[in-house]
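1. Could you look at this predicted model? Sequence included:
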Amino acid sequence: MAEAKQEFATFEEFWPYYLRQHKKRETRLVHVAGTILAGLSVLKALISFKIGWLILAPIIGYGFAWVAHSFIEHNQPATFEYLKWSLRGDLEMTKLWLTGKLEAELVRYDITT
């Protein structure tokens with residue numbers, strides 16, 4: 001049976017839910033890789049003035065995420081229900097990973113890996 005959609009009034013309410021959807025370290029790593037590659041694709045579009053790179057960015061980012069959820073985490077990506085907040089979550093998780101603060105955030109919300 002599918003879970004009922006949760007309602008979140010703010011990103012701060014959504015954030016712990018998002019982290020729980022990414023409990024496995026491998027899922028987070030694939031997400032971060034996809035987000036970084038998508039960002040590089042946007043950068044390439046800006047530098048080269050080629051729209052194809054811009055079109056490719058969400059395909060890369062969400063493609064990596066969906067593969068991780070399907071084959072590693074075995075859950076449904078938050079993107080399907082929370083598109084805007086899911087993107088913000090991807091960016092926040094990537095920022096925390098790059099700055100070495102992601103593990104502390106997981107501990108803060110009692111999410112074991």
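-> Now that the structure is in, tell me what you want to look at. All figures in this text were calculated on a predicted structure; none of them were measured in a lab. Numbering: from 1, shown residues only.

2. what helix or strand is Thr94 on?
-> Thr94 belongs to helix 83-98 when assigned by DSSP states H and E.

3. now swap in Ile60 and tell me
-> Here Ile60 sits within helix 51-68, counting by DSSP H and E.

4. immediately after the helix holding Thr94, which helix or strand?
-> helix 102-108.

5. picking that back up, show me what the helix holding Ile60 is packed against.
-> helix 25-48 (3 or more C-beta pairs under 8 Å, 6 or more residues apart in numbering; DSSP states H and E). Any C-beta I mention is one placed from the backbone N, CA and C, and that applies to glycine too.

6. Put the alpha carbons of the helix it packs on into PDB.
-> Output in PDB follows, covering the C-alpha atoms of helix 25-48 (Å, rounded to 0.1, in the frame of the first residue of the first chain):
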ATOM      1  CA  ARG A  25      25.300   6.200   2.000                       C
ATOM      2  CA  GLU A  26      25.400   4.900  -1.500                       C
ATOM      3  CA  THR A  27      22.100   6.700  -2.400                       C
ATOM      4  CA  ARG A  28      23.500   9.900  -1.100                       C
ATOM      5  CA  LEU A  29      26.800   9.500  -3.100                       C
ATOM      6  CA  VAL A  30      24.900   8.800  -6.300                       C
ATOM      7  CA  HIS A  31      22.700  11.800  -5.700                       C
ATOM      8  CA  VAL A  32      25.700  14.100  -5.000                       C
ATOM      9  CA  ALA A  33      27.400  12.900  -8.100                       C
ATOM     10  CA  GLY A  34      24.300  13.500 -10.200                       C
ATOM     11  CA  THR A  35      23.800  17.000  -8.700                       C
ATOM     12  CA  ILE A  36      27.500  17.900  -9.300                       C
ATOM     13  CA  LEU A  37      27.400  16.600 -12.900                       C
ATOM     14  CA  ALA A  38      24.100  18.500 -13.500                       C
ATOM     15  CA  GLY A  39      25.600  21.700 -12.200                       C
ATOM     16  CA  LEU A  40      28.600  21.200 -14.500                       C
ATOM     17  CA  SER A  41      26.200  20.700 -17.400                       C
ATOM     18  CA  VAL A  42      24.600  24.100 -16.500                       C
ATOM     19  CA  LEU A  43      28.000  25.700 -16.300                       C
ATOM     20  CA  LYS A  44      28.900  24.200 -19.700                       C
ATOM     21  CA  ALA A  45      25.700  25.600 -21.200                       C
ATOM     22  CA  LEU A  46      26.500  29.100 -19.900                       C
ATOM     23  CA  ILE A  47      30.100  29.000 -21.100                       C
ATOM     24  CA  SER A  48      29.300  27.500 -24.600                       C
END
